[in-house]
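[1] build me a model:
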Amino acid sequence: MAKSFLSWPVVRQFTGADRLGRGAAARSAATEEIEARTETADRVARSVCPYCAVGCGQKVFVKDEQVVQIEGDPDSPVSRGRLCPKGSASKNLVTSSLRQTAVKYRAPYATEWTELDLDTAMDMIADRVVKARNDTWQDLDDQGRKVRRTLGIASLGGATLDNEENYLIKKLFTAMGALQIENQARI
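    The predicted structure follows:
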């Protein structure tokens, strides 16, 4: 279809009833044919944004068991439908082609990453945590006071952990005797 001078939005704005250009004057034929991803979704799941401890409500739109859009939940008393830039982009956390879905391991002095199964990786981590704790455990400090701690392990939580996960991590590391327990959101 050939474009004519009369089809320009600014001409439609000045010659039509939509003088402010907020309605029909601003819409093209292509715009009229576009259908929102939220309109074609099979279902909507309610969730909480994973990025910080605020707990903003999200509506997750799913089509054919794939996430097609994530928006703020207007029914959320916390965020009332609003999301910060990270929350607005959280669809990429789930759907990005760059997302790692396998455990990667690079052995000391190796130049390449190798894939490990999750059970092997978890066993390796547990063995290293137990060894570091045992090797650096202190029952007493230099002045003979009971401290029952280790300075050999630490925790730095990430912004994609929610309150409950951070609470459990804090409890776990405290029970193991670690003192250096921090979170990215607090730094």
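[2] residues of the longest helix seen in the chain that come out buried?
    Ordering each helix of the chain by length in residues (DSSP state H) puts helix 118-136 first. Within helix 118-136, the residues scored as buried using 16 or more other CB atoms under 10 Å are 129, 132-133. From N, CA and C alone the C-beta is placed, and that goes for glycine too.
[3] make JSON lines out of these and add distance to Gly144.
    Formatted as JSON lines, the entries for the buried residues of helix 118-136 read as follows, by distance: CB to CB, whole Å:
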{"residue": "Val129", "distance to Gly144": "28"}
{"residue": "Ala132", "distance to Gly144": "24"}
{"residue": "Arg133", "distance to Gly144": "22"}
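[4] ok, so of the residues you listed, who is nearest Thr38?
    Val129 (44.0 Å; CB to CB).
[5] if we can go back for a sec, which residues does the longest helix of the chain contact?
    The contact list for helix 118-136, computed with CB atoms under 8 Å, 6 or more residues apart in numbering, reads 103, 105, 116, 150-153, 176-177.
[6] spatially nearest residue to Gly87, not counting backbone neighbours?
    Cys49 (4.2 Å; CB to CB, 6 or more residues apart in numbering).
[7] gap between the one you found and Ala175?
    29 Å (CB to CB, to the nearest Å).
[8] show me where this protein has helices.
    Along the chain, counting by DSSP H, helices occupy 9-15, 29-33, 85-88, 91-95, 118-136, 163-175.
[9] what comes up buried for the last one?
    Of all the residues in helix 163-175, those buried under the rule 16+ other CB under 10 Å are 166, 169-170, 173.
[10] tell me the one of the residues you listed nearest Gln184?
    Closest to Gln184 out of these is Asn166 (10.2 Å), distances taken as CB to CB.
[11] in this structure Val68 contacts Glu35, no?
    No: contact criterion CB atoms under 8 Å: Val68 and Glu35 do not qualify, at 11.6 Å.
[12] more neighbours: those two, which one.
    Per other CB atoms under 10 Å, whichever of Val68 and Glu35 has more neighbours is Val68, with 17 against 7.
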